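In: Turn this into a model:
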Amino acid sequence: MDTTMKRLIFLALLTFSSSFLLADTLTLKPGHPNSYVVKKGDTLWDIAAHFLQDPWRWPKLWGANPQIANPHLIYPGDQLTLEFVDGEPRLVRKPHMRKGPQGRIVSKDAAIPAIDLALIQPYLVNNRVVDAEWLAQQPMVLGGESPSRHHIGGDVIYINAELPVGQEYGIYAQGREFFDKASGDPLGQEVILTASSRVIASGPVSKIQLLSNLRETKAGYRVLAIEDEALTSAYFTPQAATLESQAHVLASEKNIREMGKLDIAYLDKGSDDGVLPGQVFSILREGDEIVFDKDGTPISSSERSTYDNLVAGLSFDNGIKVPDVHQGKLMVFKVFDKTSMGLILVADHTVRVDDKLVTPESLALRGD
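Out: Numbers count the residues shown, from 1 in each chain. Purely as a prediction, here's the structure:
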(Lines give C-alpha, C1' and ligand atoms only; values in the text may rest on other atoms or scores of the structure.)
Protein backbone atom coordinates (compact mmCIF):
# COMPACT_ATOMS: atom_id res chain seq x y z
CA MET A 1 0.00 0.00 0.00
CA ASP A 2 1.53 3.34 -1.04
CA THR A 3 2.01 6.32 1.30
CA THR A 4 -0.79 8.37 -0.27
CA MET A 5 -3.34 5.60 0.25
CA LYS A 6 -2.24 5.13 3.89
CA ARG A 7 -2.70 8.84 4.53
CA LEU A 8 -6.18 8.80 3.00
CA ILE A 9 -7.23 5.85 5.15
CA PHE A 10 -5.79 7.51 8.26
CA LEU A 11 -7.67 10.75 7.54
CA ALA A 12 -10.89 8.84 6.92
CA LEU A 13 -10.58 6.97 10.24
CA LEU A 14 -9.73 10.19 12.06
CA THR A 15 -12.77 11.93 10.58
CA PHE A 16 -15.04 9.03 11.52
CA SER A 17 -13.69 8.89 15.08
CA SER A 18 -14.06 12.62 15.53
CA SER A 19 -17.64 12.54 14.23
CA PHE A 20 -18.47 9.71 16.60
CA LEU A 21 -17.03 11.54 19.60
CA LEU A 22 -18.87 14.74 18.72
CA ALA A 23 -22.13 12.84 18.31
CA ASP A 24 -21.62 11.34 21.80
CA THR A 25 -20.95 14.71 23.48
CA LEU A 26 -23.68 16.17 25.65
CA THR A 27 -24.77 19.69 24.70
CA LEU A 28 -26.05 21.91 27.50
CA LYS A 29 -29.05 24.13 26.92
CA PRO A 30 -28.35 27.91 26.86
CA GLY A 31 -29.27 29.46 30.20
CA HIS A 32 -29.29 26.11 32.01
CA PRO A 33 -29.32 26.17 35.84
CA ASN A 34 -26.36 25.05 37.92
CA SER A 35 -28.51 23.11 40.35
CA TYR A 36 -32.02 21.70 40.66
CA VAL A 37 -34.23 20.52 43.52
CA VAL A 38 -36.25 17.44 42.60
CA LYS A 39 -40.02 17.96 42.85
CA LYS A 40 -42.83 15.49 43.23
CA GLY A 41 -44.04 14.45 39.79
CA ASP A 42 -40.64 14.95 38.13
CA THR A 43 -39.16 12.34 35.83
CA LEU A 44 -35.52 11.88 34.87
CA TRP A 45 -36.43 13.12 31.40
CA ASP A 46 -38.04 16.26 32.91
CA ILE A 47 -34.92 17.04 34.92
CA ALA A 48 -32.59 16.43 31.99
CA ALA A 49 -34.70 18.85 29.92
CA HIS A 50 -33.65 21.67 32.26
CA PHE A 51 -30.01 21.08 31.37
CA LEU A 52 -29.68 19.39 27.97
CA GLN A 53 -30.53 20.29 24.38
CA ASP A 54 -31.29 16.59 23.97
CA PRO A 55 -33.12 15.51 27.17
CA TRP A 56 -33.53 11.88 26.14
CA ARG A 57 -29.82 11.40 26.63
CA TRP A 58 -30.38 11.67 30.37
CA PRO A 59 -28.55 8.37 31.18
CA LYS A 60 -25.24 9.93 30.08
CA LEU A 61 -25.89 12.97 32.29
CA TRP A 62 -25.88 10.62 35.29
CA GLY A 63 -23.36 8.18 33.85
CA ALA A 64 -20.35 9.07 36.02
CA ASN A 65 -22.28 9.41 39.30
CA PRO A 66 -22.71 6.18 41.26
CA GLN A 67 -24.99 7.95 43.76
CA ILE A 68 -27.77 8.39 41.24
CA ALA A 69 -26.97 5.87 38.54
CA ASN A 70 -30.13 4.08 39.64
CA PRO A 71 -33.41 5.97 39.04
CA HIS A 72 -34.77 4.55 42.30
CA LEU A 73 -32.20 6.58 44.27
CA ILE A 74 -33.58 9.99 43.31
CA TYR A 75 -36.40 11.36 45.45
CA PRO A 76 -38.37 14.60 45.69
CA GLY A 77 -36.40 17.11 47.76
CA ASP A 78 -32.97 15.92 46.55
CA GLN A 79 -30.72 18.72 45.34
CA LEU A 80 -28.80 17.98 42.14
CA THR A 81 -25.75 20.01 41.15
CA LEU A 82 -24.21 20.30 37.69
CA GLU A 83 -20.50 19.52 37.63
CA PHE A 84 -17.98 18.55 34.96
CA VAL A 85 -16.17 15.22 34.99
CA ASP A 86 -13.39 14.87 32.40
CA GLY A 87 -14.92 17.78 30.52
CA GLU A 88 -18.39 16.20 30.42
CA PRO A 89 -21.43 17.61 32.29
CA ARG A 90 -22.72 15.40 35.08
CA LEU A 91 -25.44 15.77 37.71
CA VAL A 92 -24.42 14.84 41.24
CA ARG A 93 -26.37 14.75 44.46
CA LYS A 94 -24.47 16.29 47.36
CA PRO A 95 -25.78 15.38 50.79
CA HIS A 96 -25.86 18.13 53.41
CA MET A 97 -23.30 17.61 56.21
CA ARG A 98 -24.61 18.37 59.69
CA LYS A 99 -22.81 18.35 63.01
CA GLY A 100 -24.19 16.29 65.85
CA PRO A 101 -26.42 13.20 65.90
CA GLN A 102 -29.40 13.03 63.63
CA GLY A 103 -31.94 10.48 62.50
CA ARG A 104 -32.08 9.05 59.04
CA ILE A 105 -34.73 10.82 56.95
CA VAL A 106 -36.59 8.65 54.49
CA SER A 107 -38.73 10.29 51.82
CA LYS A 108 -42.43 9.47 51.89
CA ASP A 109 -42.56 9.88 48.14
CA ALA A 110 -41.61 7.17 45.67
CA ALA A 111 -38.41 7.39 43.64
CA ILE A 112 -38.89 9.32 40.43
CA PRO A 113 -39.16 7.37 37.15
CA ALA A 114 -37.52 7.91 33.77
CA ILE A 115 -40.71 8.76 31.85
CA ASP A 116 -43.98 8.56 33.76
CA LEU A 117 -46.52 6.21 32.22
CA ALA A 118 -49.29 8.58 33.30
CA LEU A 119 -48.04 11.14 30.80
CA ILE A 120 -48.74 8.90 27.83
CA GLN A 121 -51.25 6.37 29.24
CA PRO A 122 -54.26 8.02 27.53
CA TYR A 123 -52.69 7.28 24.15
CA LEU A 124 -51.78 3.63 24.76
CA VAL A 125 -53.87 0.57 23.96
CA ASN A 126 -54.06 -2.94 25.38
CA ASN A 127 -53.97 -4.89 22.14
CA ARG A 128 -51.68 -7.90 21.92
CA VAL A 129 -50.10 -9.91 19.13
CA VAL A 130 -50.11 -13.67 19.77
CA ASP A 131 -49.49 -16.89 17.87
CA ALA A 132 -52.53 -17.68 15.71
CA GLU A 133 -52.48 -21.43 16.43
CA TRP A 134 -52.18 -20.78 20.17
CA LEU A 135 -55.13 -18.38 20.06
CA ALA A 136 -57.35 -20.98 18.39
CA GLN A 137 -56.89 -23.26 21.44
CA GLN A 138 -57.92 -20.66 24.05
CA PRO A 139 -61.33 -20.58 25.81
CA MET A 140 -64.15 -18.95 23.86
CA VAL A 141 -67.22 -16.87 24.70
CA LEU A 142 -70.33 -18.97 23.98
CA GLY A 143 -72.95 -16.38 24.81
CA GLY A 144 -74.50 -14.82 27.89
CA GLU A 145 -77.39 -14.84 30.33
CA SER A 146 -78.79 -11.88 28.43
CA PRO A 147 -80.47 -12.80 25.11
CA SER A 148 -78.61 -9.92 23.48
CA ARG A 149 -75.76 -10.71 21.09
CA HIS A 150 -73.76 -7.86 22.59
CA HIS A 151 -72.60 -7.90 26.22
CA ILE A 152 -71.35 -5.02 28.37
CA GLY A 153 -70.00 -4.38 31.88
CA GLY A 154 -71.97 -6.23 34.57
CA ASP A 155 -73.28 -8.91 32.19
CA VAL A 156 -72.61 -12.60 32.88
CA ILE A 157 -71.32 -14.66 29.97
CA TYR A 158 -70.56 -18.36 29.38
CA ILE A 159 -67.11 -19.79 28.57
CA ASN A 160 -66.41 -23.26 27.13
CA ALA A 161 -63.72 -24.14 29.70
CA GLU A 162 -63.35 -24.88 33.40
CA LEU A 163 -61.83 -21.74 34.90
CA PRO A 164 -60.88 -21.10 38.57
CA VAL A 165 -63.37 -19.01 40.53
CA GLY A 166 -62.11 -15.53 41.32
CA GLN A 167 -59.53 -15.50 38.51
CA GLU A 168 -59.54 -12.38 36.31
CA TYR A 169 -59.30 -12.59 32.52
CA GLY A 170 -59.25 -10.32 29.53
CA ILE A 171 -61.79 -10.76 26.73
CA TYR A 172 -60.27 -10.26 23.27
CA ALA A 173 -61.69 -9.87 19.78
CA GLN A 174 -59.69 -11.26 16.87
CA GLY A 175 -58.10 -8.57 14.71
CA ARG A 176 -55.68 -8.74 11.79
CA GLU A 177 -53.08 -11.40 11.07
CA PHE A 178 -49.66 -9.91 10.35
CA PHE A 179 -47.08 -11.25 7.88
CA ASP A 180 -43.51 -10.31 7.06
CA LYS A 181 -43.65 -8.37 3.79
CA ALA A 182 -40.35 -9.73 2.45
CA SER A 183 -40.61 -13.41 3.43
CA GLY A 184 -44.35 -13.86 3.86
CA ASP A 185 -43.77 -15.56 7.22
CA PRO A 186 -46.51 -15.06 9.84
CA LEU A 187 -45.66 -12.51 12.54
CA GLY A 188 -48.70 -13.08 14.74
CA GLN A 189 -52.40 -12.53 15.26
CA GLU A 190 -53.68 -9.21 16.58
CA VAL A 191 -56.18 -9.46 19.45
CA ILE A 192 -58.09 -6.43 20.74
CA LEU A 193 -59.10 -6.11 24.39
CA THR A 194 -62.86 -5.63 24.75
CA ALA A 195 -63.41 -6.17 28.49
CA SER A 196 -61.98 -7.32 31.80
CA SER A 197 -63.78 -10.08 33.70
CA ARG A 198 -63.82 -12.32 36.77
CA VAL A 199 -64.88 -15.97 37.05
CA ILE A 200 -67.95 -16.38 39.31
CA ALA A 201 -68.82 -20.06 38.67
CA SER A 202 -66.60 -22.91 37.47
CA GLY A 203 -67.54 -26.02 35.49
CA PRO A 204 -67.36 -27.51 31.99
CA VAL A 205 -69.05 -24.24 31.05
CA SER A 206 -67.85 -21.47 33.38
CA LYS A 207 -69.65 -18.22 34.13
CA ILE A 208 -67.71 -14.97 34.19
CA GLN A 209 -68.90 -11.45 34.87
CA LEU A 210 -67.70 -8.54 32.78
CA LEU A 211 -66.14 -5.94 35.07
CA SER A 212 -65.52 -3.17 32.57
CA ASN A 213 -65.71 -2.88 28.85
CA LEU A 214 -63.87 -0.95 26.16
CA ARG A 215 -66.28 -2.22 23.54
CA GLU A 216 -69.08 -4.77 23.37
CA THR A 217 -68.28 -8.45 23.84
CA LYS A 218 -69.75 -11.08 21.50
CA ALA A 219 -69.80 -14.87 21.07
CA GLY A 220 -66.58 -16.18 19.55
CA TYR A 221 -64.28 -13.78 21.41
CA ARG A 222 -61.37 -15.39 23.23
CA VAL A 223 -60.62 -15.40 26.96
CA LEU A 224 -56.95 -14.83 27.81
CA ALA A 225 -55.13 -14.66 31.11
CA ILE A 226 -53.70 -11.26 31.98
CA GLU A 227 -49.98 -11.96 31.96
CA ASP A 228 -47.08 -9.77 33.03
CA GLU A 229 -45.74 -9.41 29.49
CA ALA A 230 -49.12 -8.07 28.38
CA LEU A 231 -48.94 -5.23 30.89
CA THR A 232 -47.32 -1.89 30.22
CA SER A 233 -44.28 -0.89 32.24
CA ALA A 234 -44.87 1.79 34.88
CA TYR A 235 -42.06 3.87 33.43
CA PHE A 236 -39.80 3.87 30.40
CA THR A 237 -36.07 4.33 30.03
CA PRO A 238 -35.67 5.86 26.55
CA GLN A 239 -32.67 4.61 24.59
CA ALA A 240 -31.63 4.63 20.96
CA ALA A 241 -32.78 1.46 19.18
CA THR A 242 -30.07 -0.61 17.51
CA LEU A 243 -31.08 -3.66 15.47
CA GLU A 244 -29.09 -5.91 13.17
CA SER A 245 -31.84 -6.03 10.55
CA GLN A 246 -34.00 -3.26 9.08
CA ALA A 247 -37.30 -2.57 10.87
CA HIS A 248 -40.44 -1.12 9.29
CA VAL A 249 -43.85 0.21 10.25
CA LEU A 250 -46.04 -2.87 9.94
CA ALA A 251 -49.51 -1.40 10.46
CA SER A 252 -51.51 1.31 12.16
CA GLU A 253 -53.32 0.36 15.35
CA LYS A 254 -56.39 2.18 14.00
CA ASN A 255 -56.00 0.46 10.61
CA ILE A 256 -55.69 3.80 8.82
CA ARG A 257 -53.40 4.74 5.93
CA GLU A 258 -51.59 7.69 7.50
CA MET A 259 -50.55 8.29 11.11
CA GLY A 260 -49.47 11.34 13.07
CA LYS A 261 -48.29 12.40 16.52
CA LEU A 262 -49.60 10.23 19.39
CA ASP A 263 -50.90 7.57 17.00
CA ILE A 264 -49.83 3.97 17.63
CA ALA A 265 -48.02 1.81 15.09
CA TYR A 266 -47.07 -1.86 14.95
CA LEU A 267 -43.44 -2.68 14.15
CA ASP A 268 -42.36 -5.76 12.21
CA LYS A 269 -39.69 -6.60 14.83
CA GLY A 270 -40.07 -7.88 18.38
CA SER A 271 -38.20 -9.41 21.29
CA ASP A 272 -36.77 -12.12 19.02
CA ASP A 273 -34.97 -9.29 17.18
CA GLY A 274 -33.79 -7.45 20.31
CA VAL A 275 -36.55 -4.81 20.58
CA LEU A 276 -37.11 -3.51 24.12
CA PRO A 277 -39.68 -1.17 25.71
CA GLY A 278 -38.37 2.39 25.71
CA GLN A 279 -36.35 2.06 22.51
CA VAL A 280 -36.67 5.05 20.21
CA PHE A 281 -36.62 4.82 16.41
CA SER A 282 -36.38 7.51 13.77
CA ILE A 283 -39.00 7.04 11.07
CA LEU A 284 -37.79 7.50 7.49
CA ARG A 285 -39.72 7.57 4.21
CA GLU A 286 -37.89 5.85 1.34
CA GLY A 287 -36.36 8.47 -0.93
CA ASP A 288 -38.03 8.88 -4.31
CA GLU A 289 -36.37 7.71 -7.51
CA ILE A 290 -36.09 10.47 -10.08
CA VAL A 291 -35.97 9.46 -13.75
CA PHE A 292 -35.31 11.53 -16.86
CA ASP A 293 -37.58 11.75 -19.88
CA LYS A 294 -36.36 11.81 -23.49
CA ASP A 295 -35.62 15.54 -23.16
CA GLY A 296 -33.50 15.02 -20.04
CA THR A 297 -36.09 16.57 -17.68
CA PRO A 298 -36.20 15.03 -14.15
CA ILE A 299 -39.55 13.38 -13.32
CA SER A 300 -40.63 12.23 -9.86
CA SER A 301 -42.45 8.93 -9.36
CA SER A 302 -45.78 10.70 -8.86
CA GLU A 303 -45.48 12.41 -12.26
CA ARG A 304 -44.31 9.49 -14.37
CA SER A 305 -46.23 8.18 -17.33
CA THR A 306 -46.53 4.48 -18.07
CA TYR A 307 -43.62 4.87 -20.50
CA ASP A 308 -41.47 6.56 -17.84
CA ASN A 309 -42.16 3.75 -15.38
CA LEU A 310 -41.21 1.21 -18.05
CA VAL A 311 -37.95 3.01 -18.75
CA ALA A 312 -37.20 3.29 -15.02
CA GLY A 313 -37.70 -0.45 -14.61
CA LEU A 314 -35.48 -1.35 -17.58
CA SER A 315 -32.65 1.11 -17.08
CA PHE A 316 -30.38 1.30 -14.05
CA ASP A 317 -28.66 4.39 -15.44
CA ASN A 318 -31.76 6.52 -15.93
CA GLY A 319 -32.78 6.87 -12.26
CA ILE A 320 -31.37 8.78 -9.30
CA LYS A 321 -32.55 7.98 -5.78
CA VAL A 322 -32.89 11.03 -3.53
CA PRO A 323 -32.17 10.80 0.23
CA ASP A 324 -34.70 9.30 2.64
CA VAL A 325 -37.02 11.81 4.33
CA HIS A 326 -37.25 12.04 8.13
CA GLN A 327 -40.89 11.56 9.16
CA GLY A 328 -40.65 11.57 12.96
CA LYS A 329 -39.79 9.49 16.04
CA LEU A 330 -41.45 6.52 17.70
CA MET A 331 -40.98 5.02 21.18
CA VAL A 332 -41.71 1.32 21.76
CA PHE A 333 -43.98 0.68 24.75
CA LYS A 334 -45.01 -2.96 24.32
CA VAL A 335 -43.04 -5.87 22.84
CA PHE A 336 -44.19 -9.28 21.57
CA ASP A 337 -42.17 -12.14 20.08
CA LYS A 338 -42.07 -10.99 16.45
CA THR A 339 -43.77 -7.60 16.60
CA SER A 340 -44.02 -4.61 18.91
CA MET A 341 -46.08 -1.47 19.42
CA GLY A 342 -44.82 2.10 19.51
CA LEU A 343 -46.19 5.57 20.16
CA ILE A 344 -45.34 8.26 17.59
CA LEU A 345 -43.93 11.10 19.68
CA VAL A 346 -42.71 13.30 16.82
CA ALA A 347 -44.33 13.66 13.40
CA ASP A 348 -42.56 16.01 10.99
CA HIS A 349 -44.67 14.46 8.23
CA THR A 350 -47.36 11.77 8.09
CA VAL A 351 -46.20 8.24 8.88
CA ARG A 352 -47.24 5.34 6.64
CA VAL A 353 -47.03 1.56 6.56
CA ASP A 354 -43.62 0.37 5.24
CA ASP A 355 -41.78 3.49 6.45
CA LYS A 356 -38.31 2.54 7.66
CA LEU A 357 -37.33 2.54 11.36
CA VAL A 358 -33.67 3.30 12.06
CA THR A 359 -31.34 4.21 14.90
CA PRO A 360 -31.91 7.90 15.67
CA GLU A 361 -29.04 10.36 15.40
CA SER A 362 -30.66 12.23 18.29
CA LEU A 363 -33.29 11.35 20.87
CA ALA A 364 -34.60 14.90 21.11
CA LEU A 365 -38.27 15.60 20.48
CA ARG A 366 -37.58 17.18 17.12
CA GLY A 367 -36.30 16.07 13.72
CA ASP A 368 -32.76 14.67 13.28
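
In: ranges for the helices of the stretch 101-250 of the chain?
Out: If DSSP state H, counting those that start in this stretch is used as the criterion, the helices of the stretch 101-250 of the chain fall at 117-120, 132-136.

In: Can you flag the weakest of those by average pLDDT?
Out: Note on the helices of the stretch 101-250 of the chain: lowest mean pLDDT is at helix 117-120, with a mean of 58.

In: which element follows the lowest-mean-pLDDT helix or strand in the chain toward the C-terminus?
Out: The weakest-scoring helix or strand in the chain, judged by mean pLDDT, DSSP states H and E, is helix 3-23 (a mean of 38). Where DSSP states H and E defines the elements, the next helix or strand beyond helix 3-23 is strand 35-37.

In: can you tell me the average pLDDT over the helix or strand following that following strand?
Out: Following the chain from strand 35-37 toward its C-terminal end, the next helix or strand by DSSP H and E is helix 44-51. With pLDDT averaged residue by residue, helix 44-51 scores 77.

In: Give the other helices and strands that helix 44-51 contacts.
Out: Helix 44-51 makes packing contacts with strand 35-37, helix 58-61, strand 88-93 when contacts are defined by 3 or more C-beta pairs under 8 Å, 6 or more residues apart in numbering; DSSP states H and E. For glycine as for every other residue, the C-beta is placed from the backbone atoms N, C-alpha and C.

In: Quickly run through the sheet partners of the longest one, with directions.
Out: In this case it means strand 88-93. In the sheet containing strand 88-93, its partner strands are strand 79-85 (antiparallel), by DSSP bridges.

In: what angle separates the partner strand from helix 44-51?
Out: Here the directions of strand 79-85 and helix 44-51 differ by 60 degrees (axes from the mean of the first three to the mean of the last three C-alpha atoms, to 10 degrees).

In: So for strand 79-85, what gets flagged as buried?
Out: Within strand 79-85, the residues that count as buried by 16 or more other C-beta atoms under 10 Å are 80, 82.

In: If you tally nearby residues, what's the number for residue 208?
Out: For residue 208, the tally of surrounding residues (other C-beta atoms under 10 Å) stands at 28.

In: no, scratch that, I was asking about residue 357
Out: 28.

In: Ok, residue 346 next?
Out: What residue 346 shows, counting by other C-beta under 10 Å, is a neighbour count of 21.

In: The helix or strand containing it packs against which elements?
Out: When secondary structure is defined by DSSP H and E, residue 346 falls within strand 340-347. Helices and strands touching strand 340-347, as assessed by 3+ C-beta pairs under 8 Å, 6+ apart, comprise strand 264-267, strand 279-285, strand 325-335.

In: Quick one: closest of these to residue 241.
Out: strand 279-285 (3.8 Å; C-beta to C-beta).

In: name the helices or strands packed onto the longest strand belonging to the chain?
Out: If each strand of the chain is counted by residues according to DSSP state E, the longest one is strand 186-201. Contact partners of strand 186-201 among helices and strands, from 3+ C-beta pairs under 8 Å, 6+ apart: strand 128-130, helix 132-136, strand 168-179, strand 206-213, strand 222-225.

In: Go through that strand and flag the buried ones.
Out: Under 16+ other C-beta under 10 Å, the buried positions of strand 186-201 are 187, 188, 189, 190, 191, 192, 193, 194, 195, 196, 197, 199.

In: Mind listing the strands it pairs with, and their directions?
Out: Strand pairing for strand 186-201, determined by DSSP bridges: strand 128-130 (antiparallel), strand 168-179 (antiparallel), strand 206-213 (antiparallel).

In: Go through the helices and strands packed on strand 186-201 and pick out the most buried.
Out: Comparing those by mean neighbour count (mean count of other C-beta atoms under 10 Å), strand 128-130 comes out on top with a mean of 22.

In: what's the neighbour count on residue 266?
Out: Counted with other C-beta under 10 Å, residues neighbouring residue 266 total 25.

In: Just the pLDDT for it.
Out: Taken from the predicted model, the pLDDT recorded for residue 266 is 97.

In: For it, give its distance to residue 28.
Out: According to C-beta to C-beta, to the nearest Å, residue 266 stands 37 Å off from residue 28.

In: Distance check, the closest residue to residue 202 other than its chain neighbours against residue 201.
Out: Closest residue to residue 202 in three dimensions, ignoring its sequence neighbours and counting by C-beta to C-beta, 6 or more residues apart in numbering: residue 165, at 5.1 Å. Residue 165 is 7 Å from residue 201, where distance means C-beta to C-beta.

In: quick one: common contacting residues for the two?
Out: Among the neighbours of residue 165, none is also in contact with residue 201 (C-beta atoms under 8 Å, 6 or more residues apart in numbering).

In: before we move on, back to that, so which of the buried residues of strand 186-201 comes closest to residue 358?
Out: Proximity of these to residue 358 was ranked by C-beta to C-beta; the top entry is residue 187 with 19.6 Å.

In: Which strand residues bridge the closest residue to residue 197 other than its chain neighbours?
Out: With C-beta to C-beta, 6+ apart as the criterion, residue 197 has its nearest non-adjacent residue at 4.5 Å, and that residue is residue 208. Residue 208 has the following beta-bridge partners by DSSP bridges: residue 157, residue 199.

In: Assess the claim that residue 208 and residue 161 are in contact.
Out: No: distance between residue 208 and residue 161: 10.2 Å, which falls outside the contact criterion (C-beta atoms under 8 Å).
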